[in-house]
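S.K.: model the structure of this input:
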Amino acid sequence: MSGFTSFGLGTSNPALATTKSRWKPEKGNFRVSFVGITGIEDKKPTFDSSSQILLEHTKRLYMNGVGYFIDHGPEYQNIANGKSKVAIATTLAFWPVNGQGKVDMARIEAGEYEVKVWIMSLDKYNQLVSIHQEYPLTQHDVLISVTDAQFHKMSFSPRRDSVFKTLSETNPDLFNKVVEIAHAVHGNIRNELAQDLTIDQIRQKISGEVGSPVSNMGGSTLDADDVLDSVLDG
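M.R.: Next comes the predicted model:
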């Protein structure tokens, strides 16, 4: 009963890897590489012109006590008392920068970087598609400037290179470490998007009953950020 779709950006449609790896925007500037790219599933990412940013998308609903779950139709919308929203996810590496905003390679080599799943709205996806058409995001980083973390207001500007690609050329050992983490985080991307539940499973979660095991895809505990996200575009 899958409600997920895999696609590429602009197409038709170890230590730092944690169970909960979703990025929650904070105010500030973030230098990121798109590391969920062609080949990451086999730990062999590619950077040529045929390489694509890998994404997953679904229509999801949110309920307190349940969390996010896939919208499989009218019955799901009725139980959630609302309409679903499109959510799109990809995997990013966040790199440290110095006081001048330059990438700090010494800190990266010391392991000061993070790999996270980013869940975005359709509007932000379309902004990235516009950048990708001129600056392929398998070969260029993006600077994300978050001006309002609560309402996920942010802007994007391309960089002249990709830290991820540069590491593949200059520091293979470190690159392979990042690949290992990116592989693990990207492999969990659907879990970060939404739970794939039956109506009965949703009712069991609402009532607090212990039913048949379901995969923990997004969690069922109340999260203030999730409550806010559920009324935003993402």
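S.K.: who's in contact with Thr46?
M.R.: When contacts are counted by C-beta atoms under 8 Å, 6 or more residues apart in numbering, Thr46 touches 37-39, 138. C-beta coordinates here come from the backbone N, C-alpha and C atoms, glycine included.
S.K.: do that again at 10 Å, thanks
M.R.: 37-40, 52, 138, 168 (C-beta atoms under 10 Å, 6 or more residues apart in numbering).
S.K.: just the pLDDT for it.
M.R.: Note on Thr46: pLDDT of 97.
S.K.: also Gly8?
M.R.: Here, the pLDDT recorded for Gly8 equals 63.
S.K.: circling back: which one of the contacts of Thr46 is nearest to Arg159?
M.R.: Arg159 has its nearest neighbour among the contacts of Thr46 in Thr138, at 13.0 Å by C-beta to C-beta.
S.K.: please identify the helix or strand for the closest one.
M.R.: In this structure, Thr138 sits in neither a helix nor a strand according to DSSP states H and E.
S.K.: which residue is the nearest non-sequential neighbour of it?
M.R.: Nearest-residue entry for Thr138: Ser51, 4.3 Å, with adjacent residues in sequence omitted and distances by C-beta to C-beta, 6 or more residues apart in numbering.
S.K.: that neighbour contacts Pro45, doesn't it?
M.R.: Yes. With contact defined as C-beta atoms under 10 Å, Ser51 and Pro45 form a contacting pair (7.5 Å).
S.K.: any shared contact partners between the two?
M.R.: Common neighbours of Ser51 and Pro45 (C-beta under 10 Å, 6+ apart) are 34, 37-39, 138, 165.
S.K.: these in strands, which ones?
M.R.: Among the shared contacts of Ser51 and Pro45, the ones falling in strands (DSSP state E) are Phe34.
S.K.: what residues of the helix ranked longest in the chain count as buried?
M.R.: Ranked by number of residues, the top helix in the chain under DSSP state H is helix 172-186. Using 16 or more other C-beta atoms under 10 Å as the test for burial, helix 172-186 gives 174-175, 177-186.
S.K.: I'd like the contacts of Thr46 written out as TSV, with neighbour count added.
M.R.: As requested, these are exported to TSV (neighbours: other C-beta atoms under 10 Å):
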residue	neighbour count
Ile37	27
Thr38	18
Gly39	16
Ile40	21
Gln52	20
Thr138	25
Ser168	18
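S.K.: tell me the SS of Ser155?
M.R.: strand (DSSP: H, G, I helix; E, B strand; the rest coil).
S.K.: now do the contacts for it.
M.R.: Ser155 makes contact with 29, 124, 127, 142-147 under the criterion C-beta under 10 Å, 6+ apart.
S.K.: ok, of the residues you listed, which come out buried?
M.R.: Among the contacts of Ser155, those buried by neighbour count (16+ other C-beta under 10 Å) are 124, 127, 142, 144.
S.K.: just send these back as TSV, with secondary structure, pLDDT and distance to Pro74 too.
M.R.: Compiled in TSV, the buried ones among the contacts of Ser155 are given as follows (DSSP: H, G, I helix; E, B strand; the rest coil; pLDDT from 0 to 100; distance: C-beta to C-beta, whole Å):
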residue	secondary structure	pLDDT	distance to Pro74
Lys124	helix	95	28
Gln127	helix	96	31
Val142	strand	97	38
Ile144	strand	95	36
